[in-house]
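Undergrad: need coordinates for the following:
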Amino acid sequence: MPAARTWQISLAVIPAAKRADPDFLVANMIPTCISDDVAAARAVCRRTLTRYAMLPNYRNYWKEAGYIEEMAAIESALAAGRRDDVPGLMSDRWLADATLFGGATAVRDGVAAWRESGITTPILVPSSTEGNQLKAIEEIFAAFA
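TA: Have a look, this model is predicted:
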């Protein structure tokens, strides 16, 4: 697990006693793509996050979480009207910290890492390299069966 994932920055501002309270929900929506073709799964997650990367509130959050260079490059591309460049400006490091992708084992391990860091309710938002949302949901269920 990378040293500072984006959600760890957010959780750090919540008092430890509150985070430990079993009645306090700590959830995170995680774009997820399960495929043994890791490059294809990564590409799907890039497409998924492209629209978020175009929004200033998300870019500000990711800057605060330490992805300053990536967000500055995206802002420069947007200012120049080069929206199509945005997916290529998302670093693999940032993408791995903000999404889950790869084979079923890698995704399950990723969910475990998110839980270990304090996310009590990871919400997997599935996409698929092989089909539509229904196919992606089937892949999630199969991975955790």
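Undergrad: what's the spacing between residue 117 and residue 97?
TA: Using Cβ to Cβ, to the nearest Å, we find residue 117 at a distance of 11 Å from residue 97. Heads up, the C-betas are built off the backbone N, CA and C, glycines and all.
Undergrad: so these two - more neighbours on which side?
TA: residue 97 (20 against 14; other Cβ atoms under 10 Å).
Undergrad: just after the helix or strand containing that one, pick out the following helix or strand.
TA: Assigned by DSSP states H and E, residue 97 belongs to helix 92-98. Moving toward the C-terminus from helix 92-98, the next helix or strand (DSSP H and E) is strand 100-102.
Undergrad: mind giving me the packing neighbours of the following helix or strand past that next one?
TA: Following strand 100-102 in sequence order, the next helix or strand is helix 104-116 (DSSP H and E). Using 3 or more Cβ pairs under 8 Å, 6 or more residues apart in numbering; DSSP states H and E as the contact criterion, the elements in contact with helix 104-116 are strand 27-34, strand 100-102, strand 121-127, helix 133-143.
Undergrad: can I get these in CSV with mean neighbour count, mean pLDDT and distance to residue 76?
TA: Formatted as CSV, these follow (neighbours: other Cβ atoms under 10 Å; pLDDT from 0 to 100; distance: least, Cβ to Cβ, whole Å):
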stretch, mean neighbour count, mean pLDDT, distance to residue 76
strand 27-34, 21, 94, 24
strand 100-102, 24, 97, 26
strand 121-127, 17, 95, 27
helix 133-143, 15, 97, 32
